[in-house]
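S.K.: Following is a predicted model, sequence given first.
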Amino acid sequence: MAKSKEIRVIISLECIECEKNSEKKSQGISRYSTQKNRRNTPMRLELKKFCSYCGEHTIHKEIKK
């Protein structure tokens with residue numbers, strides 16, 4: 001009895017400020033990996049996390065793998 005889809009999936013979160021500022025001295029994009037419950041949060045996840053490239057807390061959005 002195998003499940004067709006897992007309920008908890010691993011997602012990647014990416015800083016949206018680093019995407020906008022592509023002409024910076026330190027090139028890089030802050031990424032975090034976490035899990036989410038597919039049933040409880042069907043839409044894309046947005047969390048406020050610390051970006052080491054920006055040096056402040058910014059919004060990180062879920063990206064497609």
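M.R.: On my side now, so go ahead.
S.K.: which non-adjacent residue is nearest Ile63?
M.R.: Sequence neighbours aside, Glu14 is the residue nearest to Ile63 in space, at 4.8 Å (criterion: C-beta to C-beta, 6 or more residues apart in numbering). Heads up, the C-betas are built off the backbone N, CA and C, glycines and all.
S.K.: Could you give the bridge partners of that neighbour?
M.R.: The partner list for Glu14 in beta bridges (DSSP bridges) reads Arg31, Lys61.
S.K.: does it really touch Thr58, like I thought?
M.R.: No: distance between Glu14 and Thr58: 10.3 Å, which falls outside the contact criterion (C-beta atoms under 8 Å).
S.K.: Identify the contacts common to these two.
M.R.: Listed contacts common to Glu14 and Thr58 are Ser30; contacts here mean C-beta atoms under 8 Å, 6 or more residues apart in numbering.
S.K.: that older thread, what count of nearby residues applies to the residue nearest to Ile63?
M.R.: For Glu14, the number of neighbouring residues by other C-beta atoms under 10 Å comes to 16.
S.K.: How about Ile29?
M.R.: The local packing of Ile29 (other C-beta under 10 Å) involves 15 other residues.
S.K.: Wait, a strand at it?
M.R.: No: with the criterion set as DSSP: H, G, I helix; E, B strand; the rest coil, the secondary structure at Ile29 is coil rather than a strand.
S.K.: can you pull the contacts of it?
M.R.: The neighbours of Ile29, taking C-beta under 8 Å, 6+ apart as the test, are 14-15, 18-19, 53.
S.K.: make it 10 Å
M.R.: For Ile29, the contacting residues are 14-19, 22, 51, 53, 60, 63, taking C-beta atoms under 10 Å, 6 or more residues apart in numbering as the criterion.
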